[in-house]
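Trainee: Got a sequence here, can you model it:
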Amino acid sequence: MAMNIAIVIQSLRAVGGAENVVVWLAGSLAEKGHAVTVFTLEFSEAVWGGDAERPYTVHVLDGKRKWPHSTWKANRDAGSALAEALASRSFDVVNAHNHPASLWVHYAKAAGAKFPTSVLFLHNLPGYLYEEVAAPHLYRLPGLRNAWYRFRPKRLFRKLRQNLLGYRELDNTAVRSFDRVIANSRYTAALARKIYFREVEPCVLGVQPVRLPETAESGESETPIAREDLPVVLTVARIERQKNFDTLLAAIRILKAERSAPGGGFRFVVAGGGPLLEQYRDRSRRLRIDDVVTFLGSVPHEQLWDLYGKASFLVHIPLDEPFGLVPLEAALCGKASVVSDHGGPAEVVVDGVTGSHVDALDPAAVAEKIGQLLDRPDLARQMGEAARSWVVERYSWEGFVDVFEAGLKKAIC
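Mentor: Here you go, the predicted structure:
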């Protein structure tokens with residue numbers, strides 16, 4: 001049964017985890033014979049290609065882009081624009097991705113008596129509304145657990161504004177109004193059940209390779225990650241607090257001191273841009289580890305396979321991460337991962353088999369796990385081979401799309 005599917009997301013101006021999934025999902029569903037239209041406030045053809053390059057349609061809604069904690073009026077306006085756009089065609093299902101797209105669908109429903117079946121996909125939760133549930137580890141970082149950070153005027157004003165204007169209640173009402181809610185991992189689904197008091201089903205994401213891992217491991221990389229014959233420890237993440245670079249750099253400092261003897265050298269390479277890139281570059285210089293640490297900045301997604309192929313293994317220890325796409329991509333290239341012992345990464349990496357779990361707030365423990373794989377390259381390769389088999393068997397993109405498609409059909413029926 002071919003469906004007419006509307007997918008709603010706040011913005012497709014830049015590349016990100018949820019943005020990638022929406023674009024890949026729209027393309028895959030269109031290739032399976034469904035008519036797919038993506039509704040958004042922003043779309044960049046320079047990033048995602050023109051109409052002729054896509055098997056799905058993009059409809060840019062009228063309205064101004066607002067931050068996720070924008071005013072009720074901004075989201076009501078976006079909801080009205082969405083209702084008007086949806087009325088122009090007969091859709092079988094409307095699939096919103098994350099907040100505030102969930103609010104737009106909620107408002108669009110109120111604009112008319114008849115509305116298609118609605119399905120919400122949660123890539124993550126609006127942490128600024130539920131930080132005590134969605135980000136318990138993040139606020140244990142040294143710079144975030146002091147009294148000034150917790151009670152500074154800006155933070156208190158934001159909390160007061162949320163409570164007075166009922167932002168939590170609005171988000172809860174919107175989520176509970178959907179016919180079906182699904183999440184990208186069992187971890188995210190469990191958190192959402194705790195917050196929204198309704199059934200939330202996991203529809204675990206798969207990983208979509210840009211090219212075969214065998215290709216990535218051969219030939220010269222366009223991105224220089226090491227010039228010496230040294231093992232390379234790789235991290236792929238946006239440079240921001242929740243990705244836990246404070247702990248990472250502290251662990252690398254410990255490793256450098258412990259491995260100063262001949263033969264103990266290594267390189268630590270970070271691929272990712274973000275608002276704190278220069279801050280952490282400066283931090284590495286102050287810690288005197290910039291001779292082993294390289295921040296590459298933002299790297300095009302297709303070049304990441306070169307990085308995965310050249311690396312010895314991956315280190316990925318974000319705090320309260322909803323899913324673990326990066327470890328799965330590394331696994332597809334036959335690489336083991338050292339990951340946080342909580343959240344999505346712990347769900348996709350089997351401790352002691354496809355990688356290692358570690359207390360993500362303990363620099364000494366992180367240094368120890370990295371050191372073990374540096375000292376045992378045979379173990380790293382063995383875990384990497386197991387990781388590749390694991391991801392091919394359990395986390396294929398095609399498998400995810402099939403389950404997602406079946407879920408939409410079930411919701412309609």
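Trainee: tell me which element residue 335 is part of?
Mentor: Residue 335 belongs to no helix or strand when assigned by DSSP states H and E.
Trainee: Same check on residue 234?
Mentor: Going by DSSP H and E, residue 234 is in strand 232-236.
Trainee: dump the residue contacts of the closest residue to residue 323 other than its chain neighbours.
Mentor: Spatial nearest neighbour of residue 323, excluding adjacent residues (C-beta to C-beta, 6 or more residues apart in numbering): residue 344 at 3.9 Å. In short, each C-beta sits where N, CA and C put it, glycine included. Going by C-beta atoms under 8 Å, 6 or more residues apart in numbering, residue 344 touches 184-185, 187-188, 321-324.
Trainee: Neighbour-wise, give me the winner out of these.
Mentor: Among the contacts of residue 344, the one with the most neighbours (other C-beta atoms under 10 Å) is residue 321, at 30 neighbours.
Trainee: Chain neighbours aside, what residue packs nearest to it?
Mentor: Spatially, and ignoring its direct neighbours in sequence, residue 321 is nearest to residue 343 (4.5 Å; C-beta to C-beta, 6+ apart).
Trainee: Quick check: the residue nearest to residue 323 vs residue 119, distance?
Mentor: Separation of residue 344 from residue 119 (C-beta to C-beta, to the nearest Å): 21 Å.
Trainee: hmm, back to that, paired strands for the strand holding residue 234, with orientation please.
Mentor: strand 267-271 (parallel), strand 313-316 (parallel) (DSSP bridges).
Trainee: May I have the last one exported as PDB, CA atoms only?
Mentor: The C-alpha atoms that make up strand 313-316 are tabulated as PDB, following Å, rounded to 0.1, in the frame of the first residue of the first chain:
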ATOM      1  CA  PHE A 313      39.500   2.700  17.300                       C
ATOM      2  CA  LEU A 314      36.900   5.300  18.400                       C
ATOM      3  CA  VAL A 315      36.300   7.100  21.700                       C
ATOM      4  CA  HIS A 316      32.800   8.400  22.100                       C
END
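Trainee: any idea how far that strand is from the chain center?
Mentor: Centroid separation for strand 313-316 versus its chain: 16 Å, with C-alpha atoms, centre = their mean, to the nearest Å.
Trainee: Among the contacts of residue 344, which lie within helices?
Mentor: Among these, the members falling in helices are 187-188 (criterion: DSSP state H).
Trainee: Dump the contacts of residue 344 to JSON lines, plus pLDDT and distance to residue 286.
Mentor: Shown next, in JSON lines, are those (pLDDT from 0 to 100; distance: C-beta to C-beta, whole Å):
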{"residue": "184", "pLDDT": "96", "distance to residue 286": "37"}
{"residue": "185", "pLDDT": "96", "distance to residue 286": "36"}
{"residue": "187", "pLDDT": "96", "distance to residue 286": "34"}
{"residue": "188", "pLDDT": "97", "distance to residue 286": "36"}
{"residue": "321", "pLDDT": "95", "distance to residue 286": "27"}
{"residue": "322", "pLDDT": "95", "distance to residue 286": "32"}
{"residue": "323", "pLDDT": "94", "distance to residue 286": "33"}
{"residue": "324", "pLDDT": "90", "distance to residue 286": "31"}
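Trainee: Just send the contacts of residue 344 back as TSV, with distance to residue 14 too.
Mentor: As requested, those are exported to TSV (distance: C-beta to C-beta, whole Å):
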residue	distance to residue 14
184	19
185	23
187	25
188	22
321	19
322	19
323	19
324	21
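Trainee: Show me which of the contacts of residue 344 is closest to residue 142.
Mentor: Set against residue 142, the nearest of the contacts of residue 344 by C-beta to C-beta is residue 321 (19.5 Å).
Trainee: need the contact list for that closest one.
Mentor: Counting by C-beta under 8 Å, 6+ apart, residue 321 makes contact with 242, 340, 343-345.
Trainee: again, only this time at 10 Å
Mentor: 17, 124, 137, 185, 187-188, 237, 242-244, 327, 339-340, 342-347, 360 (C-beta atoms under 10 Å, 6 or more residues apart in numbering).
Trainee: separation between residue 206 and residue 403?
Mentor: 9 Å.
Trainee: Looking at the two, which has the bigger crowd around it?
Mentor: Neighbour totals were compared for residue 206 and residue 403, and residue 206 leads with 20 against 15 (other C-beta under 10 Å).
Trainee: Tell me the spacing between that one and residue 28.
Mentor: Distance of residue 206 to residue 28, given as C-beta to C-beta: 10 Å.
Trainee: which residues do these two both contact?
Mentor: In contact with both residue 206 and residue 28: 397-398, 400-402, 404, using C-beta under 10 Å, 6+ apart.
Trainee: So which of the strands paired with strand 232-236 is the most surrounded?
Mentor: By mean neighbour count, with neighbours taken as mean count of other C-beta atoms under 10 Å, strand 313-316 ranks first of the strands paired with strand 232-236 at a mean of 26.
Trainee: So for residue 196, what's the nearest residue that isn't a sequence neighbour?
Mentor: residue 175 (4.8 Å).
Trainee: Can you tell me the element that neighbour falls in?
Mentor: Residue 175 belongs to helix 167-176, assigned by DSSP H and E.
Trainee: and that helix, what does it pack onto?
Mentor: helix 72-86, helix 101-110, strand 117-122, helix 153-165, helix 186-196 (3 or more C-beta pairs under 10 Å, 6 or more residues apart in numbering; DSSP states H and E).
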